[in-house]
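Asks: Sharing a sequence plus its predicted fold:
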Amino acid sequence: FTNKFVRMTRYSSEPDNATKSSKSRGSHLRIHFKHCREITTHIKGLQVAKAQKFLDDVLAFKTIVPFTKYTGGIGRKAMAKQHKTSGDKGRWPVKATAVIRDLLSNAVANAEMKGLDTDLLYVQHAQSNQAPPGRRRTYRAHGRIGKYASQPAHVEIVLSE
């Protein structure tokens, strides 16, 4: 399959107007993929100020990240009903929230360098993908060895005016 119009890109979604948008991405981040998926799904479409406030509030345990897809074993929380999402399950994934907040602030800084108005910015695209697992081993009973893998993530954020 060869097509001269298909190009490999770094981002899965390119903005409609590249001059009115800014991007930021992180690869092989040692934060749980499932946490990143729930955070990026929640902040997609929000104004940048609202998204930053949401992430800061999660770090301060004032609001919760609603979990909608990866809900197995996640406890129910009354705070999760505040958001307009299905279910009442949620968590406060501190490490992933801090990393995504830093990526968001990096995208805002990139927008300032381009001369965009940061008050008008919103999160047009936020996505996380699974990165290759970090493999370690754990020692089990009767001389066996089990796998002990981490599930890191790739995260990308696109802001637009």
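Replies: Right, received. Where do you want to start?

Asks: and stretch 59-75, which residues are buried?
Replies: 59, 63-68, 71, 74 (16 or more other Cβ atoms under 10 Å). Every residue, glycine included, has its C-beta placed from N, CA and C.

Asks: Redo those as CSV? Include pLDDT.
Replies: Rendered in CSV, the data for these read as follows (pLDDT from 0 to 100):
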residue, pLDDT
59, 96
63, 94
64, 95
65, 95
66, 94
67, 94
68, 92
71, 91
74, 91
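
Asks: Identify, from these, the entry nearest to residue 95.
Replies: Proximity of those to residue 95 (Cβ to Cβ) peaks at residue 59, which lies at 9.9 Å.

Asks: OK, contacts around the closest one?
Replies: Contacts here follow Cβ atoms under 8 Å, 6 or more residues apart in numbering; on that basis residue 59 touches 92, 94, 97-98, 101.

Asks: please redo it, this time with the cut-off set to 10 Å
Replies: Contacts here follow Cβ atoms under 10 Å, 6 or more residues apart in numbering; on that basis residue 59 touches 92-95, 97-98, 101.

Asks: Quick check: the farthest pair among those residues?
Replies: Taking every pair in the contacts of residue 59 and measuring Cβ to Cβ, the maximum separation is 13.2 Å, between 92 and 101.
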